[in-house]
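> What would the 3D arrangement of this be:
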Amino acid sequence: MNNGCQQPKPDIIIIGAGIIGLSIAYHMLEADPQLSITLLEKEKMLGLGSTGMGTGSIRYLFSSPLLRRLSLLSREFFLNFESTFDTPIGYLEKGCLMLASSEELWNRLQLTTAQADADGIPVQLLKPDELVKDFPYLHRDRFRGGILCVWDAYADPYAVLAALYAAVRHKGATIHFGREAMKLLIDKDTITGVETRQGPIWSPLIVNAAGPYAAQFAATAGIMLPVQPFRRQVYVCSNPKEVPPSTPLIVDLATGFYLHQEVSGKVVLLGGTDQDTWPGLINVVDKTVAVDFFQTAVETIPSAIDIKWLRTYTGICEQTPDFHPIICEASEFKGFYLANGFSGHGFMHAPATGRILADLILNGITERIEINLLHLDRFEEAQ
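I've put the predicted structure just below:
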């Protein structure tokens with residue numbers, strides 16, 4: 001392996017210095033401190049990509065066993081983060097309440113409860129009368145029931161990102177901001193490096209952690225990556241007057257609406273209803289959908305009719321057709337690794353992804369998860 005972080009030919013190049021790319025670099029250097037790693041970030045500053053626009057949610061309640069597994073693999077990392085990095089990240093296990101307004105969704109929640117319980121995840125199934133008692137600010141006649149997971153948490157995305165950035169720099173990684181990876185460089189069937197606007201960087205191992213731009217970069221090597229970017233709009237509002245401080249994350253499964261209360265208890269982040277937008281990278285606010293959105297908010301929490309709409313911002317979410325990430329070595333080229341398509345769960349699953357990629361790159365195998373189910377080839381098999 002190369003020694004030092006200023007080598008012209010690093011052992012590994014990671015495309016993207018968001019939460020996924022930094023987690024991979026951190027776990028690689030934890031496993032082998034002698035590695036030389038270079039990260040290429042198209043943005044000019046830390047946190048300008050998808051990670052910085054996230055709400056910081058950490059969830060365990062998924063109907064998918066694979067997604068639950070990724071959350072469980074990440075749990076210890078978040079629990080120990082502040083002591084490991086000596087950095088406050090506002091970690092708070094505030095819980096998540098998922099609500100079902102139909103019989104079909106209620107049945108699904110009951111099944112998820114049984115599966116989560118089997119995985120050792122603490123969940124509480126709530127019937128309508130219990131919802132009224134414990135969460136009186138919810139619409140009384142809308143929901144058939146809900147489930148509450150007390151492990152579900154919040155952490156400050158930028159604080160986590162900044163701490164990982166400092167850690168990988170301290171461990172010797174080189175991070176270039178404003179240096180966009182233009183294409184993968186290949187000699188026949190062998191990876192040789194990455195072309196940037198400032199010139200090539202040579203390396204036999206490349207990790208694509210480019211978030212919303214992952215498919216564009218993979219396409220330069222002829223790899224069709226089924227990852228599409230979607231705009232997601234977040235409404236920053238005053239806290240509904242009947243919603244108490246430290247309320248759990250609330251998700252209405254029928255509409256996608258969520259309420260995420262900031263740590264102060266004075267401001268909430270609302271969103272989740274824009275699931276049918278067209279793919280694209282245009283990061284602009286669409287005010288034409290605000291009326292329908294706030295109507296949906298009032299249908300979930302009636303007192304939301306009196307909240308103050310403070311501002312709106314957007315982030316780009318990268319999605320796969322099955323809403324599961326792609327974590328693997330590409331079949332087409334040895335040494336080209338993929339960590340893409342986290343479908344809104346990249347922040348919470350970044351620690352697990354870093355550990356899994358470190359296993360795959362250094363050992364060629366991982367025992368942490370059934371990795372073939374996250375391989376890119378699963379889409380070809382499905383077709």
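
> When you work out contacts or count neighbours from here on, use the C-alpha atoms and nothing else.
Fine.

> need the helices for the protein, in chain order.
Remark: helices assigned in the chain by DSSP state H are 19-31, 50-53, 65-79, 81-85, 103-118, 128-134, 157-170, 214-219, 290-300, 346-363, 377-382.

> would JSON lines of the ones you listed with distance to Arg144 be doable?
Listed next are the helices of the chain as JSON lines, based on distance: least, CA to CA, whole Å:
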{"stretch": "helix 19-31", "distance to Arg144": "37"}
{"stretch": "helix 50-53", "distance to Arg144": "32"}
{"stretch": "helix 65-79", "distance to Arg144": "24"}
{"stretch": "helix 81-85", "distance to Arg144": "37"}
{"stretch": "helix 103-118", "distance to Arg144": "6"}
{"stretch": "helix 128-134", "distance to Arg144": "6"}
{"stretch": "helix 157-170", "distance to Arg144": "33"}
{"stretch": "helix 214-219", "distance to Arg144": "40"}
{"stretch": "helix 290-300", "distance to Arg144": "13"}
{"stretch": "helix 346-363", "distance to Arg144": "28"}
{"stretch": "helix 377-382", "distance to Arg144": "34"}
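
> What ranges does the stretch 101-250 of the chain have for its strands?
For the stretch 101-250 of the chain, the strands defined by DSSP state E, counting those that start in this stretch occupy 123-126, 145-149, 153-154, 174-177, 181-187, 190-196, 199-202, 206-208, 228-238, 249-252.

> Can I get these in CSV including distance to Tyr137?
Shown next, in CSV, are the strands of the stretch 101-250 of the chain (distance: least, CA to CA, whole Å):
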stretch, distance to Tyr137
strand 123-126, 15
strand 145-149, 14
strand 153-154, 21
strand 174-177, 45
strand 181-187, 49
strand 190-196, 53
strand 199-202, 56
strand 206-208, 44
strand 228-238, 15
strand 249-252, 11
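
> Please identify the most buried of the helices of the chain.
helix 19-31 (a mean of 25; mean count of other CA atoms under 10 Å).

> quick check: angle from it to helix 157-170?
Helix 19-31 runs at 40 degrees relative to helix 157-170, counting by axes from the mean of the first three to the mean of the last three CA atoms, to 10 degrees.

> re the thing from before, what would the helices of the chain look like in JSON lines with mean pLDDT and distance to Phe257?
Listed next are the helices of the chain as JSON lines, based on pLDDT from 0 to 100; distance: least, CA to CA, whole Å:
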{"stretch": "helix 19-31", "mean pLDDT": "98", "distance to Phe257": "25"}
{"stretch": "helix 50-53", "mean pLDDT": "81", "distance to Phe257": "17"}
{"stretch": "helix 65-79", "mean pLDDT": "97", "distance to Phe257": "20"}
{"stretch": "helix 81-85", "mean pLDDT": "97", "distance to Phe257": "29"}
{"stretch": "helix 103-118", "mean pLDDT": "95", "distance to Phe257": "15"}
{"stretch": "helix 128-134", "mean pLDDT": "95", "distance to Phe257": "17"}
{"stretch": "helix 157-170", "mean pLDDT": "97", "distance to Phe257": "21"}
{"stretch": "helix 214-219", "mean pLDDT": "96", "distance to Phe257": "27"}
{"stretch": "helix 290-300", "mean pLDDT": "93", "distance to Phe257": "7"}
{"stretch": "helix 346-363", "mean pLDDT": "97", "distance to Phe257": "19"}
{"stretch": "helix 377-382", "mean pLDDT": "83", "distance to Phe257": "29"}
